[in-house]
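>>> Need a 3D model of the sequence below.
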Amino acid sequence: MLKDTGERVIPNQMNITNELLLEHLARYHFSIPYVQGRVLDFATGTGYGAHVIAKKCKNKLTEIVGIDIDPEVIKYARGNYYHPLSNYLIENVTNSNLSEKLGQFDVILSFETIEHVKDEQQFLANAYQLLKEDGILILSTPFGKGRGKPCGSPFHVHQLTPDEFYNLFSNYSNTQFYYQKGPLIEPVETSQQNYYPLGLVVAKK
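Numbering: from 1, shown residues only. Take a look at the predicted model:
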């Protein structure tokens, strides 16, 4: 059985009302209207999200690739979330040769990953290079006290402020920002920032 680290989402070991599970599933379902062609799930974890996309978007997908640095979760994903359109690979999201190894994608999903990454700039550069022209990046992260400041989670390097989050995507041609609390995701324009602990962006290259 795959070990629960405290941050790992393993749906078949979680209660259906678990807030973490609902929150993560909500982001994948939010992404469905944007999905097409070749899709990359950055830090796929146990693979449940890539499987949701493969099942729900099978008529508009050519492939979904899920990558993660942890061989244990990739093995689990291959064994538990196989789909003819999915492929799970052991890769590091900050590997500077990633675009050469994987090619380019129409859509990249990156949920709750950037806060774990020390080399933020390489991570973001990889996402940009891996996207085709007019490709879409959908990325989420929890808000906190800011870059370089302790955030209370042993798993996170830090947690960005909303302003720091907005400024990550200036090289994209179009960005739409959203806030999330539990399974609820709302556009920034219609929400109250103080009540939403997570940010999400849809960024077009």
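
>>> which residues touch G66?
40-41, 44, 47, 49-50, 74, 77, 86-89 (CB atoms under 8 Å, 6 or more residues apart in numbering). In short, each C-beta sits where N, CA and C put it, glycine included.

>>> Inside strands: which ones of the residues you listed?
The strands, defined by DSSP state E, take in 40-41, 86-89 from the contacts of G66.

>>> I'd say G47 and N87 touch.
No. Using CB atoms under 8 Å, G47 is not in contact with N87; the gap is 10.3 Å.

>>> neighbour count winner among those two?
For G47 versus N87, neighbours defined as other CB atoms under 10 Å are more numerous around G47 (26 against 17).

>>> For the closest residue to that one other than its chain neighbours, report the pLDDT, please.
Excluding its sequence neighbours, the residue lying closest to G47 (CB to CB, 6 or more residues apart in numbering) is A77, at 2.7 Å. Model confidence at A77, given as pLDDT, is 95.

>>> how much space is there between A77 and R38?
18 Å (CB to CB, to the nearest Å).

>>> Compare neighbour counts for the two and give me the winner.
Neighbours of A77 and R38, each counted by other CB under 10 Å, are more numerous for A77; the result is 27 against 19.

>>> what's near enough to touch the more buried one?
Residues counted as contacts of A77 (CB under 8 Å, 6+ apart) are 44-47, 50, 66, 68, 88.

>>> again, 6 Å this time
Contact partners of A77, counting by CB atoms under 6 Å, 6 or more residues apart in numbering, are 46-47, 88.

>>> Hmm, V73 is touching T46, no?
Yes. The pair V73 / T46 is scored as a contact, 5.3 Å apart, by CB atoms under 6 Å.

>>> hey, which strand is longest across this structure?
strand 131-142.

>>> which parts of that one are buried?
Neighbour-count burial for strand 131-142 flags 131, 135-142 (criterion: 16 or more other CB atoms under 10 Å).

>>> tell me which of those is nearest to T94?
When the buried residues of strand 131-142 are compared for distance to T94 (CB to CB), L139 wins out at 14.8 Å.

>>> tilt between the longest helix anywhere in the chain and strand 131-142?
Longest helix of the chain, by residue count under DSSP state H: helix 19-31. For helix 19-31 against strand 131-142, the angle by axes from the mean of the first three to the mean of the last three CA atoms, to 10 degrees is 150 degrees.

>>> so how far is helix 19-31 off the chain centroid?
10 Å (CA atoms, centre = their mean, to the nearest Å).

>>> Also stretch 108-127?
9 Å.

>>> List of residues touching it?
Here stretch 108-127 makes contact (CB under 6 Å, 6+ apart) with 27, 31, 40-43, 93-94, 98, 131, 137-141, 156-157, 159.

>>> any idea where the strands of the protein begin and end?
According to DSSP E, the strands that the chain contains are 37-42, 61-68, 86-90, 105-111, 131-142, 174-181, 184-187, 198-204.

>>> Looking at these, spot the one closest to I10.
Comparison of these against I10 by CB to CB identifies strand 61-68 as nearest, at 13.3 Å.

>>> Paired strands for the closest one, with orientation please.
Strand 61-68 has its sheet partners listed here by DSSP bridges as strand 37-42 (parallel), strand 86-90 (parallel).
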